[in-house]
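[1] Quick check, what structure comes out for this input:
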Amino acid sequence: MTEDLFHTGAEPLVDPAPDQSDVPWRRLAPGMLLVEPAREVIKFIPLLIALVFAGRAGGSGPPWGLIGTAAVVALGIIRWFTTRYRITPTVIEVRKGLLQRKHLTVPRDRVRTVDVSAHPLQRLLGLVKVQIGTGTSHHGAEPLALDGVPAPAATSLRAELLHHVKDPHTSHDQPAAAPVQDDGDVEPAATDGPAARDADPETELARLDPRWIAFAPATLSGVVTAAVLIGFGWRILNEAQLNPAQFSVIHEVLRHLRGTPLWLDILQGGIAVLIVVTLLSVAGYVLSFWGYRLTRHPGGTLGVSRGLLTTRFTSIEERRLRGLERSEPLLLRLVGGARLQVIATGLRHRGSDRGSALLVPPAPIRTVVDVEAEVLGSTEIGQAPLVQHGPAARRRRYTRALGLAALIVVALFGLSWWTGWPPFVASVSLGLLPLAALLARDRYRNLGHSVVQDRLITRVGSLVRRRAVLAVPGVIGLTMRQSMFQRRSGLITVTATTAAGAQQYAVPDVPVEAARALAVALLPECGSFMSAPSGELDSVLLRDASGVSRLPA
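    Prediction:
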């Protein structure tokens, strides 16, 4: 048996103070004895189906399907029995695992966000999952989650961790979260103390308008959903060794397609795909964002609640907020929509938890701009004009887009000549050239930057246009890079590094003199470095307590 120790703080891991040793360890709610096995069974459905069919093929052999299901259920039950947690005045600790023990410790003063979610089975049992963000960004960091806290206790727990509100009805060793004692009995959570009243005085900044659902098809989320469903279904059919054509519906569709012209098959297939993708996009939007509400708590936090079947509530400390990012995919932009995300420490922008950074779902651009102004406290930032990057940056976009399109056209004509395809097949590719020119034009129109009210504003992209607003005090370093082609054009890419969000926000193809001015605006201490000749601008500038140091790029 091994024991892995994990510590999310910058400070070294130390044993709890002697006066905290009497804080009892608690189990998760007993309802997780139903949730964990059900979750494991769903996770292993393809494997269990394979075991069922393997048992049938074996005739009188062992009932592998039943054995596999029992093993999966046992795994979920063991997970509940081996998980303990406790919350002391200074740290949050979680112990879990049987063969490989893990002990996760988070200092209370490093708590940045509290994310509360509940899937349908948890909601039925009155449970929630509380995930605590600490600002740790390294890839080996494991998030600290209490999966199975009674729902009434989650509100007081969130208030205690973020706003430092202590319910007087809760003793020092029994914090706001309702404890689950070793005998499995759940103590009732207090609801009449300050922790309960803490959730009342909130200001609503935005609420879901049912008309926003019309933006769902423009997000193309239905394409991803359809691909996942097709892949999952295909895997099950393979495991069960079934031929899709054996199903009567699919058989009739194939017979119909064989009796119609090819052009009509393509038209009908395209319409069917469009309808399916639209329906899946609308369904996904409703499931993800129904009940959306954005609030501001006087204690200094933003709260985002959303979800139809699986509900989610994310609390974000405003003092950890480093900026906002407005995202406008091409289709969403064409119909006048956008989405808004926060740039904050303690939130994951990758993997399955990236949705916790969402501030406004796909909505009208006017609504997104209004919320952005409300959160930032200024309307000028959202409407500030951006500095264009000049003719050299424009030429660079046309050169790259048209060069790539021309290369594809030449390759297709060569392939057509080699394989003997009809000439019109390759001729269609000539349409890429005007499309590439339009793309280059749009990319340059969207390119720009500015520094307004001590905030860096940068906008890039065409297929997905992103406009980021980053607080200058949150910039901890700059990376100045020039490729060979940029050096010939007198351009340079300036990348601002921060501890929040995606951690790096690039301002590409900036004229050299404008790059010097931008670097001084972001890191005023680096003025002496900016006197270097243009050929020596490639460097990394880091800010620390002693000032700004320069490293080779």
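[2] rest of the way, CA atoms for contacts and neighbours
    Will do.
[3] Model confidence score at the closest residue to Glu325 other than its chain neighbours, please.
    Among residues not flanking Glu325 along the chain, Ala468 sits closest, at 4.2 Å (Cα to Cα, 6 or more residues apart in numbering). Each residue has a pLDDT score; the one for Ala468 is 94.
[4] Could I get the contacting residues of Ala468?
    Ala468 sits next to Gly323, Leu324, Glu325, Arg326, Leu456, Ile457, Thr458, Arg459, Tyr505 when contact means Cα atoms under 8 Å, 6 or more residues apart in numbering.
[5] May I see the buried residues of the helix ranked longest in the chain?
    Longest helix of the chain, by residue count under DSSP state H: helix 390-419. By neighbour count on 16 or more other Cα atoms under 10 Å, the buried set for helix 390-419 is 392-394, 396-398, 401-402, 405-406, 408-409, 412-413, 416.
[6] Okay, strands next: where are they in the stretch 101-250 of the chain?
    In the stretch 101-250 of the chain, the strands defined using DSSP state E, counting those that start in this stretch lie at 113-118, 127-133, 144-150, 203-207.
[7] from the chain's centre, how far out does the first one sit?
    So the one you mean is strand 113-118. Here strand 113-118 is found 14 Å from its chain centre; the criterion is Cα atoms, centre = their mean, to the nearest Å.
[8] Enumerate the positions of it that are buried.
    Neighbour-count burial for strand 113-118 flags Thr113, Val114, Asp115, Val116, Ser117, Ala118 (criterion: 16+ other Cα under 10 Å).
[9] Out of the buried residues of helix 390-419, which one has the lowest pLDDT?
    Among the buried residues of helix 390-419, Ser416 has the weakest pLDDT, 82.
[10] How about that one: what's its closest non-neighbour residue?
    That would be Ala426: by Cα to Cα, 6+ apart, it lies 6.4 Å from Ser416.
[11] Which helix or strand contains that neighbour?
    Per DSSP states H and E: Ala426 is located in helix 423-427.
[12] what's next to whatever helix or strand comes next after that helix, contact-wise?
    Next helix or strand after helix 423-427 toward the C-terminus (DSSP H and E): helix 432-446. Helix 432-446 is contacted by residues 393-394, 397-398, 401-402, 405-406, 409, 459-462, 465 when judged by Cα under 8 Å, 6+ apart.
[13] same question, stretch 262-269
    Leu257.
[14] 10 Å instead?
    His256, Leu257, Arg258, Gly259, Gly270, Ile271, Ala272, Val273, Leu274, Ile275 (Cα atoms under 10 Å, 6 or more residues apart in numbering).
[15] what's the closest of those to Arg101?
    Val273 (48.2 Å; Cα to Cα).
[16] Would you tell me what helix or strand the closest one is located in?
    Per DSSP H and E, Val273 falls inside helix 262-289.
[17] Return the set of buried residues in that helix.
    Val277, Thr278, Leu280, Ser281, Val282, Ala283, Gly284, Tyr285, Val286, Leu287, Ser288, Phe289.
[18] any idea how far it is from the chain center?
    That offset, for helix 262-289, works out to 25 Å (Cα atoms, centre = their mean).
[19] Stretch 248-257 now?
    The answer for stretch 248-257 is 40 Å, by Cα atoms, centre = their mean.
[20] next one: stretch 325-339
    On the basis of Cα atoms, centre = their mean, stretch 325-339 sits 17 Å off its chain's mean C-alpha point.
[21] next one: stretch 146-153
    That offset, for stretch 146-153, works out to 23 Å (Cα atoms, centre = their mean).
[22] Would you mark the buried spots in it?
    Buried, per 16+ other Cα under 10 Å, within stretch 146-153: Leu146, Asp147, Gly148, Val149, Pro150, Ala151, Pro152, Ala153.
[23] Output the residues you listed in JSON lines; the columns should cover distance to Pro524.
    Putting the buried residues of stretch 146-153 into JSON lines (distance: Cα to Cα, whole Å) gives the following:
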{"residue": "Leu146", "distance to Pro524": "43"}
{"residue": "Asp147", "distance to Pro524": "46"}
{"residue": "Gly148", "distance to Pro524": "49"}
{"residue": "Val149", "distance to Pro524": "48"}
{"residue": "Pro150", "distance to Pro524": "50"}
{"residue": "Ala151", "distance to Pro524": "48"}
{"residue": "Pro152", "distance to Pro524": "49"}
{"residue": "Ala153", "distance to Pro524": "47"}
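[24] Pick the one among those closest to Ala517.
    Among these, and counting by Cα to Cα, the member closest to Ala517 is Leu146, at 47.4 Å.
[25] In TSV: the strands of the stretch 101-250 of the chain, plus mean pLDDT.
    Output for the strands of the stretch 101-250 of the chain, formatted as TSV (pLDDT from 0 to 100):
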stretch	mean pLDDT
strand 113-118	84
strand 127-133	86
strand 144-150	85
strand 203-207	92
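[26] Nearest to Gly307 among those would be which one?
    Closest of the strands of the stretch 101-250 of the chain to Gly307 is strand 113-118, at 9.0 Å (criterion: Cα to Cα).
[27] for the closest one, packing partners?
    helix 120-125, strand 127-133, strand 144-150, helix 151-163, strand 301-306, strand 311-317 (3 or more Cα pairs under 10 Å, 6 or more residues apart in numbering; DSSP states H and E).
[28] The last one versus strand 127-133: what angle between them?
    Relative orientation of strand 311-317 and strand 127-133, computed by axes from the mean of the first three to the mean of the last three Cα atoms, to 10 degrees: 30 degrees.
[29] Next: the longest one.
    Between helix 151-163 and strand 127-133, the angle formed by their directions is 10 degrees, by the same axes, to 10 degrees.
[30] Quick one: closest of the strands of the stretch 101-250 of the chain to Thr311.
    The closest approach between Thr311 and any of these, judged by Cα to Cα, belongs to strand 113-118 at 5.2 Å.
[31] if we can go back for a sec, closest to Thr495 among the buried residues of helix 390-419?
    Ala393 (16.4 Å).
[32] Thank you, goodbye.
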